[in-house]
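# How does the following fold in three dimensions:
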Amino acid sequence: MCVFEKGSTLVMIGDSVTDVGRVRPVAENMKENLGKGYVALVDAMLTACRPDLQMRIINMGISGNTSSQLRERWDTDVLEFCPDYVSCMIGINDIWHQFDNPHIAHRGVKYQQFLENYEEILSKTVGRVKKMFVLSCFYLEPNKEEPMRAMVEQYNAGAKALCEKYGAVYVDVMSAFDEGLKYYHPSFYTWDHVHPQLGGHMVIARSFLKAAGVSLE
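Below you'll find the predicted structure:
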């Protein structure tokens, strides 16, 4: 059953996977303001499959953000919109920056700090919205023992546990991609294991809408 109500506001926030060229300072569902990623696809599919909902969708993704940066801007970039629903995808930069340049690994966010950041975000949001969705981060590497993929598994497990604690909806995007990786090489979805092309963004959008109970038929 679809959880969305007619005329409601959905804020979708995250890093570059959410941003994807959105309009600044606030991207709303007019023309191509939402960027070229999964947020725009969510808007398009809702328009096509559930035109009766007439939802306001806002994209507040910022490329390069970590969970610490998201925590800092949460009040102004999410709560001030008084959303009915919130979708958050964050964490890959927390992890990636511990690998891409180990000499300045402090650019990343260690696991315990990531949990603290997410817990604050959830604790101040869940009771103020009708539903909050936490989309798992992902790293498109089929070998789960590869160091960065293993860290993604750890961070996602922590985020899932927090969702269970606070009553948020956990959307397992990583598992959705794993299903696709049974048939396609990671390079089919992304050039760097992280930033997806259109088909990859469709995987994210479909996972989110499925979790929200939206029928795409």
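# chain center to stretch 33-40, what's the gap?
Here the centre of stretch 33-40 is set off from its chain's centre by 12 Å, with C-alpha atoms, centre = their mean, to the nearest Å.
# now could you export just the CA positions of it as CSV?
What follows is stretch 33-40 as a C-alpha-only set of coordinates in CSV (Å, rounded to 0.1, in the frame of the first residue of the first chain):
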residue,chain,number,x,y,z
ASN,A,33,15.4,21.2,-11.6
LEU,A,34,15.7,17.9,-9.8
GLY,A,35,18.9,16.9,-11.7
LYS,A,36,19.5,13.8,-13.8
GLY,A,37,19.5,11.1,-11.2
TYR,A,38,17.1,8.9,-9.2
VAL,A,39,15.3,11.9,-7.6
ALA,A,40,14.2,13.0,-11.1
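# List the contacts of that stretch.
Contacts to stretch 33-40, defined as C-beta atoms under 8 Å, 6 or more residues apart in numbering, come from residues 12, 17-23, 27-28, 32, 43, 57, 59, 61, 196, 198, 201-202, 204-205, 208. Where C-beta positions appear, they are placed from N, C-alpha and C, glycine not excepted.
# ok, for S67, nearest residue in space, not its chain neighbours?
Once flanking residues are discounted, S67 sits nearest to N117: 3.9 Å by C-beta to C-beta, 6 or more residues apart in numbering.
# Okay, and the one you found sits in which element?
Per DSSP states H and E, N117 falls inside helix 111-123.
# Kindly format the C-alpha coordinates of that helix as CSV.
Written as CSV, here are the backbone C-alpha positions of helix 111-123 (Å, rounded to 0.1, in the frame of the first residue of the first chain):
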residue,chain,number,x,y,z
TYR,A,111,32.2,4.2,11.8
GLN,A,112,31.3,5.4,15.3
GLN,A,113,31.1,9.0,14.1
PHE,A,114,28.9,7.9,11.2
LEU,A,115,26.5,6.2,13.6
GLU,A,116,26.4,9.2,15.9
ASN,A,117,25.6,11.5,12.9
TYR,A,118,22.9,9.2,11.7
GLU,A,119,21.4,8.8,15.1
GLU,A,120,21.1,12.5,15.6
ILE,A,121,19.5,12.9,12.1
LEU,A,122,17.0,10.1,12.8
SER,A,123,16.2,11.2,16.4
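# between the host helix or strand of L70 and helix 111-123, how many degrees?
Assessed by DSSP H and E, L70 sits inside helix 67-77. Comparing the axes of helix 67-77 and helix 111-123 via axes from the mean of the first three to the mean of the last three C-alpha atoms, to 10 degrees yields an angle of 20 degrees.
# show me where this protein has helices.
For the chain, the helices defined by DSSP state H cover 16-19, 38-49, 67-77, 92-96, 111-123, 147-166, 173-180, 186-189, 198-211.
# what sits against the residue most central in space within the chain?
Residue closest to the mean C-alpha point of the chain, counted by C-alpha atoms, centre = their mean, is M89 at 2.3 Å. Going by C-beta under 8 Å, 6+ apart, M89 touches I13, G14, D15, V17, T18, V134, L135, S136, C137, V173, I204.
# run the last query once more with 6 Å
Taking C-beta atoms under 6 Å, 6 or more residues apart in numbering, we find M89 in contact with G14, T18, L135.
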